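*Asks:* Need the 3D shape of this:
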Amino acid sequence: MEHSERWRGRPRGWPIGLALLQIFIALAVSGVRQVPVTTVQLGLLVAGPLALLLLRRWAIVASTATGLINVAYLLLSFPFPAIIPSTFTAIASPFARARREAYRRYQAEEQRRRSEEEKREAADERVRIARELHDVLAHSLSLINVRASVALEVMEVQPQEVRPALQAIKQASRDGLAEVRSVLAGLHPDGAPRSPTPDLSRVDDLIQQAGAAGLKVETETLGRRPDLPATVELSAYRIIQEALTNVMRHSSARTATLVIQYADRAVTVGVADPGPASPKPAGHEGGHGLVGIRERAASVGGVATARPDGQGGFEVMAVFPR
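*Replies:* Okay, here's the model as predicted:
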């Protein structure tokens, strides 16, 4: 590799070899025809290939010069076979050079495209990790916040309720940390998630966690669960998780409804609560949960909606193609 780099850009020896080939042909023809080879003839046979040395920068000029030399060679009635190599080279060289330049441009464009693709993939991966961390942390911290609030409220009047609240806080923090570690483990080159990727088979865990935080979730499943791509399973799970988290954080309702429908061509998940919405604390700014729901659905070819139901409640629905 170092040797080839050292010699790259230096003139190659093929024009000299071409000149020697033409001289050999001239001598052979001379021997057959019993005609002596003159100094002028030799000079023209050498001049044509030497002109081609300019190919690296001025291919058209070099080919034109070689062509004029060959025309002069013919006008002086020297035997034609001797200049066939340089004539062919003069004609083919501009096309060969154009092809090389086109290939170099193609390589440069391909390298640029790959670089942009790598940057885009890196950006998509950052968004994916940020979305995963948001969903995991928002859900876990919401459970902790709700149960901590319950513990503070009943600490004086119902101290027996403090222990279950603290146990729920401990479990929520443990589960949240485990999922965060699993997400971060994927950042290592040889890393793999430390826990299974969440899917719709683990929805019961979300319902239990919500129940521990005081939110009763009524579930309805329609159809038989098929084999779905892991990306669809994860997106559906995270959307349900985020929707339940939003109910606990932003609604006064203590009940919610979860519907999962498996149809022939689509899978639909929906979460609804009767409301009303909780008052927003002073200085509270909207988060990115609803935007993340729509982005998650779109990333696997689905569509999601999140809107008030017109009766004081709120509903989230996502549809994924099978």
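
*Asks:* What does the closest residue to Ala212 other than its chain neighbours show for phi and psi?
*Replies:* Leaving aside its chain neighbours, Ala212 sits nearest to Ala168 (4.1 Å; criterion: Cβ to Cβ, 6 or more residues apart in numbering). To be clear about C-beta, it is placed using only N, CA and C from the backbone, and glycine gets the same treatment. Torsion angles at Ala168 (phi, psi; degrees, to the nearest 10) stand at phi -70, psi -40.

*Asks:* Ala168 and Gln209, how far apart?
*Replies:* Distance, Ala168 to Gln209, by Cβ to Cβ, to the nearest Å: 8 Å.

*Asks:* can you check Val46 too?
*Replies:* Distance from Val46 to Gln209, by Cβ to Cβ: 89 Å.

*Asks:* so how far is Arg99 from Arg113?
*Replies:* Using Cβ to Cβ, which is the criterion applied here, Arg113 is 21 Å from Arg99.

*Asks:* An error on my part: the question was meant for Val203.
*Replies:* For Val203, the distance to Arg99 - Cβ to Cβ - is 60 Å.

*Asks:* Ser77 too?
*Replies:* Counting by Cβ to Cβ, the gap from Ser77 to Arg99 is 36 Å.

*Asks:* same check, this time on Leu20
*Replies:* 27 Å.

*Asks:* For Asn145, give me its contacts.
*Replies:* Arg249 (Cβ atoms under 8 Å, 6 or more residues apart in numbering).

*Asks:* Could you look up the SS state of the most centrally placed residue in the chain?
*Replies:* The chain has Glu121 as the residue nearest its centroid, 2.8 Å off, counting by Cα atoms, centre = their mean. When classified by DSSP: H, G, I helix; E, B strand; the rest coil, Glu121 comes out as helix.

*Asks:* what ranges of the protein fall below the confidence cut-off?
*Replies:* 1-13, 53-59, 138-139, 142, 146-147, 150, 154, 176-196, 280-288 (pLDDT under 70).

*Asks:* which residues in it form strands?
*Replies:* For the chain, the strands defined by DSSP state E cover 216-222, 255-262, 266-273, 303-308, 314-321.

*Asks:* Please identify the buried residues of the first one?
*Replies:* Yep, that's strand 216-222 we're talking about. Within strand 216-222, the residues that count as buried by 16 or more other Cβ atoms under 10 Å are Val217.

*Asks:* and Leu50, how many neighbours?
*Replies:* 17 (other Cβ atoms under 10 Å).

*Asks:* if you skip the residues just before and after it, what's nearest to it?
*Replies:* Counting by Cβ to Cβ, 6+ apart, the residue nearest Leu50 is Pro15, at 5.9 Å.

*Asks:* Mutual contacts of Ala168 and Gln209, please.
*Replies:* Leu143.

*Asks:* can you pull the contacts of the residue sitting furthest away from the middle of the chain?
*Replies:* In the chain, Gln34 marks the outermost C-alpha relative to the chain mean, sitting 72.2 Å out by Cα atoms, centre = their mean. Under the criterion of Cβ under 8 Å, 6+ apart, Gln34 has no neighbours.

*Asks:* Tell me how far it lies from Gly301.
*Replies:* For Gln34 relative to Gly301 (Cβ to Cβ), the value is 83 Å.

*Asks:* go on, His250?
*Replies:* From His250 to Gly301 the distance is 28 Å (Cβ to Cβ).

*Asks:* Same check on Ala92?
*Replies:* 51 Å.

*Asks:* Ok, Pro274 next?
*Replies:* 31 Å.

*Asks:* Of those two, give the one with the bigger neighbour count.
*Replies:* Per other Cβ under 10 Å, whichever of Pro274 and Gly301 has more neighbours is Pro274, with 17 against 13.

*Asks:* can I assume Ala151 is in contact with Pro159?
*Replies:* No - checked against Cβ atoms under 8 Å, the pair Ala151 and Pro159 is beyond contact range at 9.7 Å.

*Asks:* which one of those two has more residues nearby?
*Replies:* The residue with more neighbours, out of Ala151 and Pro159, is Ala151; 19 against 10, by other Cβ under 10 Å.

*Asks:* The residue lying closest to the more buried one once chain neighbours are set aside: neighbouring residues, count only.
*Replies:* Of all residues not flanking Ala151 in the chain, Ala165 sits nearest, at 3.8 Å (Cβ to Cβ, 6+ apart). By other Cβ under 10 Å, the residues close to Ala165 number 23.

*Asks:* cool, and the one 4 residues further on?
*Replies:* Under the neighbour criterion other Cβ under 10 Å, Ile169 is assigned a count of 21.

*Asks:* Since that was my last question, I'll sign off now.
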